[in-house]
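*Asks:* this is a predicted model, with the sequence first.
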Amino acid sequence: MTSGFETTTDAFLGGRLILKQPVEGYRAGVDPVLLASAVPAKAGQSLLELGCGTGAALLCAATRVPGLELHAIEIQEPYAELCRQNARDNGIEAAVHTGDLRHMVPPLRDMTFDHVIANPPYFDRANGNPSNSVHKDIAFAGDTDLADWIDVATRRLKPKGFLTLIIKAHRTHDVLRAIDDRLGSVVLTPIVGRVGRDADRILLTARKGGRGAFRLCAPVPLHAGEAHLRDGEDYRQEISDVLRRGLPFPFTD
């Protein structure tokens, strides 16, 4: 038991990162790993994660790019405490704050960052019914509008800093509608399960003060072939390298 949760111990990045996660509630899958892989970060830069959960994206980024200055905010204290423990257990220094991103805690309120990352809730609170699990409901829907996520991220970026996020594809319109002229050089990459399938999620990067044209990249399939034909994983080699070896996402600049 940790922070009131029954937990499992799970390996990420081929075992280079070990995380405790709740048995029930939000559990990290491939999304935070893909998110971390797409951040164009360099050693010595600063990174803030909005809604860090138990730290999968934050700590994957730190494992891939040692020497980052790490900060995070998480509204659910049990998850924030798990993130702190996961950072300690992996020998990673990170300042993890408990709080509502709409009312930024004082240590973060006066700071700006080279990178802000987020894996916002998948679903719009205005649509659908809440989960019976409070922790899962906050993680997957919450009551913070997506526009607030984008605005807060933009405010916390340094000039020329990068926003990187991953979200379900059906919320692409909401994301693009929330981006204003403070951000530019937007690159949107659809992620599909297999060739020929509709996009399930998107990876998006944008730069504060960027002047580059909007780019819609070709869809990136996660799995090889048009159907699952055998037992076990069938990730494409490029995706397996991201998930298991910690390589950067190979389809963005």
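*Replies:* Sure, I can see it.
*Asks:* for the rest of this, base every contact and every neighbour count on C-alpha atoms.
*Replies:* Noted.
*Asks:* who are the packing partners of the host helix or strand of D10?
*Replies:* Per DSSP states H and E: D10 is located in strand 7-12. The contact analysis (3 or more Cα pairs under 8 Å, 6 or more residues apart in numbering; DSSP states H and E) places strand 7-12 against strand 17-22.
*Asks:* by contact count, what packs against the next helix-or-strand element following the strand it packs on?
*Replies:* Following strand 17-22 in sequence order, the next helix or strand is helix 30-37 (DSSP H and E). Where contact means 3+ Cα pairs under 8 Å, 6+ apart, helix 30-37 is packed against helix 56-64, strand 157-168, helix 237-245.
*Asks:* which residues in the stretch 1-150 of the chain form helices?
*Replies:* Counting by DSSP state H, counting those that start in this stretch, the stretch 1-150 of the chain has helices at residues 30-37, 56-64, 77-89, 106-109, 134-140, 146-156.
*Asks:* please identify the most buried of the ones you listed.
*Replies:* Stretch with highest mean neighbour count among these: helix 56-64 (a mean of 25; mean count of other Cα atoms under 10 Å).
*Asks:* list the contacts of that one.
*Replies:* 12-13, 16-17, 19, 28, 32-33, 35-37, 39, 49, 52, 68, 70, 72, 87, 92, 246-248 (Cα atoms under 8 Å, 6 or more residues apart in numbering).
*Asks:* which of the residues you listed count as buried?
*Replies:* Burial by neighbour count, 16 or more other Cα atoms under 10 Å: within these this picks out 12-13, 17, 19, 28, 32-33, 35-37, 39, 49, 52, 68, 70, 72, 87, 92, 246-248.
*Asks:* helix or strand with the lowest mean pLDDT in the chain?
*Replies:* Across the helices and strands of the chain, mean confidence by mean pLDDT, DSSP states H and E is lowest for helix 134-140: a mean of 44.
*Asks:* for the helix or strand encompassing V175, packing partners?
*Replies:* Assigned by DSSP H and E, V175 belongs to helix 172-178. If you count contacts as 3+ Cα pairs under 8 Å, 6+ apart, helix 172-178 packs onto helix 146-156.
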